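*Asks:* sequence first, then the predicted structure, then my questions.
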Amino acid sequence: MSTLMAATFAAVSYFEIPVADMDRAVEFYETVFAITLERTIIDGNAMALFPEPQEGQSAITGALAQGDSYEPSEAGTRVYFQVTDINAVLDRVRASGGQARYPRTAIGELGWVAEFRDSEGNRVALHEPAP
């Protein structure tokens, strides 16, 4: 690999999901993923931080974000959440007011994927690894 390529590659380290109604979004994500989000203000924007990865996990974290530059949308970048049971998560999505957009679909030896529309209008993806 060239020095130029090594210097310009950047791995994803954090994500933000735009929201219009922070209370509604926090309730949705806490219910769907059975987690607790930590609310804060960063640079004048309301945020709800996802839990930090546990020791030994190779994962990134992020936040729900509300502010002038955050506009929920089904278009654009998709964030994939790794889960152990896509169908159970999709059941909680529907029960919490979201909509399944792409059903649990096999992707070969990598497992399964699915997508949903969250309470704010964002398209979010799920990944269930193969056993």
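*Replies:* Received it, and whenever you're ready, just let me know what you need.
*Asks:* and the longest helix anywhere in the chain, how far out from the chain middle?
*Replies:* Here the longest helix in the chain is taken by residue count, with DSSP state H as the criterion, and it is helix 22-33. Here the centre of mass of C-alpha atoms in helix 22-33, compared against the chain's by C-alpha atoms, centre = their mean, to the nearest Å, lies 12 Å away.
*Asks:* give me the next element, helix or strand, following that helix.
*Replies:* Where DSSP states H and E defines the elements, the next helix or strand beyond helix 22-33 is strand 38-42.
*Asks:* one step back: buried sites along the longest helix of the chain?
*Replies:* For helix 22-33, the neighbour count (16 or more other C-beta atoms under 10 Å) marks 22, 25-26, 28-29, 31-33 as buried. Just so you know, the C-beta spots here come from the backbone N, C-alpha and C atoms, and that holds for glycine as well.
*Asks:* give me the mean pLDDT for it.
*Replies:* Taken as a whole, helix 22-33 has a mean pLDDT of 98.
*Asks:* which strands and helices sit next to the strand ranked longest in the chain?
*Replies:* The strand spanning the most residues in the chain, taking DSSP state E as the definition, is strand 99-106. Counting contacts by 3 or more C-beta pairs under 8 Å, 6 or more residues apart in numbering; DSSP states H and E, strand 99-106 is packed against helix 86-95, strand 112-117, strand 123-128.
*Asks:* and L49, which of the ones you listed is closest to it?
*Replies:* Smallest distance to L49 across the helices and strands packed on strand 99-106 (C-beta to C-beta): 16.6 Å, for strand 123-128.
*Asks:* on that earlier part again, now what about the longest helix of the chain, what contacts it?
*Replies:* When contacts are taken as C-beta atoms under 8 Å, 6 or more residues apart in numbering, the neighbours of helix 22-33 outside the stretch itself are 17, 19, 35-37, 39, 46, 48, 50, 64, 66, 81, 83, 89, 92-93, 95-98, 118-120.
*Asks:* understood, closing this out.
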